[in-house]
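# sharing a model prediction with you, sequence too.
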Amino acid sequence: MILRRLSEAVRRQDWFVVVLEVAIVVVGIFIGLQVNDWNEERLERKHEGELLVRLHDEIVGNVLYFQEEAEDKLDLLQALENSIKLIVDPPTAREPSVEDLRGLSLMSRYPSISPRTAVQTEMAADGGLRVISSVIIRQKMAAYLSELSFIQKQLEYFRDGATVNYSEERLIAAGIGRSYAPEQRERSRVTFDLEKLTNTNEIRSFLLTGLRDQAIFSFYIQDVLVATSELCQTLAEQVDAGSCPDVSATMERF
């Protein structure tokens, strides 16, 4: 219809009608593009909102996960420290028991770090942090991902060191061994040779190095817990999601 009117106006050399018809076409195309862009942006914001709500739920779970990891590491440190104190300054009333020294068997314990990542993986497939319009959320997310990457690298480093420093041969030489115990779930029982453990300063240095390494790694867990908690709080504020776990009691233990 428009093309027919336009061709008739050109044949009549009615340039006013020609300009008017062209303007109508241009304006119509422009409005159509604007409506399409607005609709796409609306769908993107809707998708972003839904994604952030699910991300908040995932991060809440990760706060609880790292809080538990931090508590376990702090308990391990306390047990290891108590055991080493009994070696460095043994009590005169009685010899330390196996239970007293159980912390020594934890020197090489560096369990895997495996937080939930399903929504983060989905975000990466959609374009990473670019799908998030909020600057503050992007900043907190970047800090969280940086801490995750760092602690995974440190975990690999400390595990490699533990494989060498706390090999079975070195532990036996230091007076820490295992005996067959079919009644135990692990089918073995940790044994301690007090004479070896208290014999030389070299053994004490060996034990204190294990305590130091575990203490250093505990602070890395603290850092990732802080980053995870801050991201959770930011998401809760920005997307009006639920509350986040309180980690203050755990942080006070550090």
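Everything's here; your move. Numbering: from 1, shown residues only.
# buried ones in stretch 127-138?
Buried residues in stretch 127-138, defined by neighbour count with 16 or more other C-beta atoms under 10 Å: 131-132, 137-138. Glycine gets a C-beta too; all of them are placed from N, C-alpha and C.
# using PDB, list the CA coordinates for it.
What follows is stretch 127-138, C-alpha atoms only, in PDB (Å, rounded to 0.1, in the frame of the first residue of the first chain):
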ATOM      1  CA  GLY A 127      28.800 -14.500  29.300                       C
ATOM      2  CA  GLY A 128      30.200 -14.400  32.800                       C
ATOM      3  CA  LEU A 129      29.900 -11.300  35.000                       C
ATOM      4  CA  ARG A 130      28.700  -9.300  32.000                       C
ATOM      5  CA  VAL A 131      25.200 -10.700  32.600                       C
ATOM      6  CA  ILE A 132      25.100  -8.800  35.900                       C
ATOM      7  CA  SER A 133      24.100  -5.200  35.600                       C
ATOM      8  CA  SER A 134      24.900  -4.200  39.200                       C
ATOM      9  CA  VAL A 135      28.500  -3.000  39.600                       C
ATOM     10  CA  ILE A 136      28.600  -3.800  43.400                       C
ATOM     11  CA  ILE A 137      27.500  -7.400  42.700                       C
ATOM     12  CA  ARG A 138      30.100  -7.800  40.000                       C
END
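# hmm, L129 and R138 touching each other?
Yes. R138 is within contact range of L129, at 4.9 Å (criterion: C-beta atoms under 8 Å).
# how about K140, secondary structure?
Using DSSP: H, G, I helix; E, B strand; the rest coil, the secondary structure recorded for K140 is helix.
# might one say that it is in contact with E230?
Yes. Here K140 reaches E230: they are 5.7 Å apart, a contact under C-beta under 8 Å.
# which parts of the stretch 101-250 of the chain are strands?
Counting by DSSP state E, counting those that start in this stretch, one finds strands in the stretch 101-250 of the chain at the ranges 176-180, 188-192.
# how near is S149 to V131?
20 Å (C-beta to C-beta, to the nearest Å).
# with Q152 instead?
23 Å.
# pick out whichever of K140 and E230 has more residues nearby.
K140 (22 against 17; other C-beta atoms under 10 Å).
# and that one, what does it touch?
Counting by C-beta atoms under 8 Å, 6 or more residues apart in numbering, K140 makes contact with 227, 230-231, 234-235.
# distance to S167 and pLDDT for these - can I get that in JSON lines?
Formatted as JSON lines, the contacts of K140 follow (distance: C-beta to C-beta, whole Å; pLDDT from 0 to 100):
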{"residue": "A227", "distance to S167": "34", "pLDDT": "97"}
{"residue": "E230", "distance to S167": "39", "pLDDT": "96"}
{"residue": "L231", "distance to S167": "38", "pLDDT": "95"}
{"residue": "T234", "distance to S167": "44", "pLDDT": "93"}
{"residue": "L235", "distance to S167": "44", "pLDDT": "92"}
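# quick one, which of those residues are buried?
Neighbour counting by 16+ other C-beta under 10 Å classes 227, 230-231, 234-235 among those as buried.
# residue ranges in this protein under the pLDDT threshold?
1-45, 47, 90-100, 168, 170-200 (pLDDT under 70).
# now the helices for it?
2-12, 15-88, 118-126, 135-165, 168-174, 194-197, 201-238, 248-252 (DSSP state H).
# determine which stretch of the ones you listed is the most buried.
helix 201-238 (a mean of 18; mean count of other C-beta atoms under 10 Å).
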